[in-house]
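S.K.: fold the stuff below for me.
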Amino acid sequence: MKRTDNFSKFAARKSNAAIKEEFRQEKKKFKKERSDAIDKKKLELRAAASADKVVSKNRSESSDLRPAITVRKQDKTMPLNKYVAHCGICSRRDAVPLIKDGKIRVNDVVIIEPGFKVTPTDAVTYAGKKILPEKNLVYILLNKPKDYITTLDDPEGRKTVLDLLRGVTAERIFPVGRLDRNTTGVLLLTNDGDLTQKLSHPSHEVRKIYEVKLDKPLGKLDFERILNGLDLEDGFVRADSLAYTDPKDKAIIGIELHSGRNRVVRRMFESLGYDVRNLDRVMFGNLTKKNVERGKWRYLVEKEIRLLKFMNSSFIKKTPEDPEEKTLVKRGQAATEKPEKKEKRDLAKPAQPEKKEKRVEIKKPTAARKQTEGRHKPTVQKGGVKRVMRSRTKK
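M.R.: Model prediction:
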């Protein structure tokens, strides 16, 4: 131990062995105290665990000691713009201007706040009609095989497309459009009546792409006739686009059109003397049969449903805006290309004369000019300026 008084230098110092022994004893004492504290903590934990087991056992035996169960209340309210979107009026974003313009009423009161909470008991009206959220809407894409009728019921007992979806859903679904018995490919089935009306009505002009296999190669003249349009028994019809799917086999054709007439593709080729051996619809609107085997089906994803409902412009075939072009298309004539317009000159401004190249002649003194008279004077043009070259004369 260090001394702080003035006589510390006279105190007897401990030996190194004594200092080491003292440190060893302190270390041993500390280890013993630590082990005792750990054992005491373990005993306390064991006692607490055994007490919890006894309490839980008593609670299970006694009904009065059951733990209380907290039930969380479900919030059944919905923002007004979301409610309008679920009713199928428009998208949630497009519902905001409708609400702000005062076109939506809740319980006969005009609401202009899109975030207004609507309860299940509220009566929401739009354009004087009560609107309700659509429930249990089903959208199924089927890759239709051959020998199946696109009807709900066949009196002759033939197989229908609903036989392929038996037991899939409890809702009453129906096909959108029709496919012949021998036609395969994309077919949409749903219980959404509004969407069916939109996709089936000719005004929306939803495009359809077919792969046609003919009995013989399609000639170039007939190829042009289909593009220009054909007069069938029910009116004029024209393909939006036409192409050979295989350059080596010109009997396989890809055709795109928006007409929804009955058997229109087959009648177009039959009017030109071709027999359609196989007809497959590969695209309907934005729907394709990718990763769906023949005779199989799948549900549509949310993005596909949204595109179908709000008619995305990427798969709508638009009519020409020019009225003259419309009449040409109806008559089956190809629209001619408009000639390029020449730039009109402003008559108020005077016409500028064309720039002419200036000719510069290098003149020599009169004495040198007289000596070289009568000789050939070749000219060389350099950089747009003509120079007259004369031979040098000896002095």
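
S.K.: phi, psi of Asp52?
M.R.: phi -70, psi -40 (degrees, to the nearest 10).

S.K.: next: Arg298.
M.R.: According to degrees, to the nearest 10, Arg298 has phi -160, psi 160.

S.K.: I'd assumed Leu141 was in contact with it.
M.R.: Yes: with contact defined as C-beta atoms under 8 Å, Arg298 reaches Leu141; the gap is 5.6 Å. Every C-beta, even on glycine, is put in place using the N, C-alpha and C of the backbone.

S.K.: neighbour-wise, which of those two wins?
M.R.: Using other C-beta atoms under 10 Å as the criterion, Arg298 and Leu141 rank with Leu141 on top: 21 against 13.

S.K.: which strand or helix spans the more buried one?
M.R.: Using DSSP states H and E, Leu141 sits within strand 139-144.

S.K.: residues making contact with that strand?
M.R.: For strand 139-144, the external contacting residues (C-beta atoms under 8 Å, 6 or more residues apart in numbering) are 150, 161, 164-165, 168-169, 173, 179, 183-190, 192, 287, 289, 292-300, 304-305, 308.

S.K.: now, which of the residues you listed lie within helices?
M.R.: Applying DSSP state H to these, the entries found in helices are 304-305, 308.

S.K.: now tabulate these in TSV and tack on neighbour count, pLDDT and distance to Ala85.
M.R.: TSV is the format used below for the ones in helices among the contacts of strand 139-144 (neighbours: other C-beta atoms under 10 Å; pLDDT from 0 to 100; distance: C-beta to C-beta, whole Å):
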residue	neighbour count	pLDDT	distance to Ala85
Glu304	16	89	17
Ile305	16	88	12
Leu308	24	86	15
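
S.K.: out of these, who's nearest Tyr210?
M.R.: Among the ones in helices among the contacts of strand 139-144, Leu308 lies closest to Tyr210 (C-beta to C-beta), at 19.3 Å.

S.K.: surely that closest one and Thr196 touch.
M.R.: No: applying C-beta under 8 Å as the test, Leu308 and Thr196 come out as separate, 10.3 Å apart.

S.K.: picking that back up, any of the contacts of strand 139-144 buried? List them.
M.R.: 150, 161, 164, 173, 179, 183-190, 192, 287, 289, 297, 300, 304-305, 308 (16 or more other C-beta atoms under 10 Å).

S.K.: perfect, that will be all.
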